[in-house]
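J.: quick one: sequence and predicted model below, then my questions.
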Amino acid sequence: MILQGLSQIWPVIILSIAVANAAAWCYLVAKSRRLKQELAEHLLNLVRSFSHQRSDGELTATIDERIDSFIADISDVLQNSQDSDKRGELSRRLKIKDESRPYLKTHRFEVAYNVSRSLIEIYPLLGIVGTVFAIWAGLSTSAASDSDKIAIVVENFGVSVQSTAWGLLAAIVFSVLNSFLEPGFERLFQYGERVRQLVSGAKQKLSLEALPGNDHEHQTASS
């Protein structure tokens, strides 16, 4: 009876998982945009005084282009050892503006994305499980003869086909969806790693330059 019940409701279970998964993908899209926006605002706070994009009214580029531009601004300041004013301003802003560190907040998002992406491969297996339940329910029934068992298997065949169909359809739909969303999600992960390394390196480099005696040594080397 349990197997028979599972075989009957299995298509509904697959469909319910797919609906929940669709909601999860919507959450991932919204969360990705929010994380990128927070990262862009954080980088703008770090480079506001010397950025090529100085005001919000001038920020007509996409969010990815803005992040790339802010990363380039920081790299330019670090590479230009002659511009002590910008380097000093960047060092000051890193000390007082880098407390939130949004570039470290992508771990949970990455876990959620990996789970949603893994379900794409699971849907066909769920369809096969529904088919197995339907056949197993027929063969394990207490019917008197083999012909009766075969009749029950045939009766359950329609439900098993539904399970397989829903599983394959969900896998196809979410595979196509992932092909569109994956590049943007991967860029978010890359931004987090790039900014983390850049900010860490900038803090270390600018802190060493601020040590007593380093300014004199730098001026001597320059002269």
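T.: Everything's here; your move.
J.: roughly how far apart are the closest residue to residue 202 other than its chain neighbours and residue 26?
T.: Distances taken as CB to CB, 6 or more residues apart in numbering place residue 78 nearest to residue 202, at 5.7 Å, with adjacent residues excluded. Backbone N, C-alpha and C define where each C-beta goes, glycine included. Distance of residue 78 to residue 26, given as CB to CB, to the nearest Å: 39 Å.
J.: for the lengthiest helix in the chain, name the packing helices and strands.
T.: Longest helix in the chain by number of residues, with DSSP state H as the criterion: helix 146-209. Counting contacts by 3 or more CB pairs under 8 Å, 6 or more residues apart in numbering; DSSP states H and E, helix 146-209 is packed against helix 2-47, helix 63-79, helix 84-97, helix 107-139, helix 214-222.
J.: which stretches of the chain have low pLDDT?
T.: The chain contains residues with pLDDT under 70 at 1, 3, 51-60, 138, 141-146, 148-149, 156, 208-223.
J.: ok so, going back, take the helices and strands packed on helix 146-209 and write them to TSV, including distance to residue 195.
T.: Below are the helices and strands packed on helix 146-209 laid out as TSV (distance: least, CB to CB, whole Å):
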stretch	distance to residue 195
helix 2-47	7
helix 63-79	7
helix 84-97	12
helix 107-139	14
helix 214-222	26
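J.: among the ones you listed, which comes closest to residue 168?
T.: Closest to residue 168 of these is helix 107-139 (CB to CB; 5.9 Å).
J.: show me what contacts the residue nearest to residue 100 when sequence neighbours are not counted?
T.: Nearest non-adjacent residue to residue 100, counting by CB to CB, 6+ apart: residue 42, 6.4 Å away. Applying CB atoms under 8 Å, 6 or more residues apart in numbering, we find residue 42 in contact with 97-98, 100-103.
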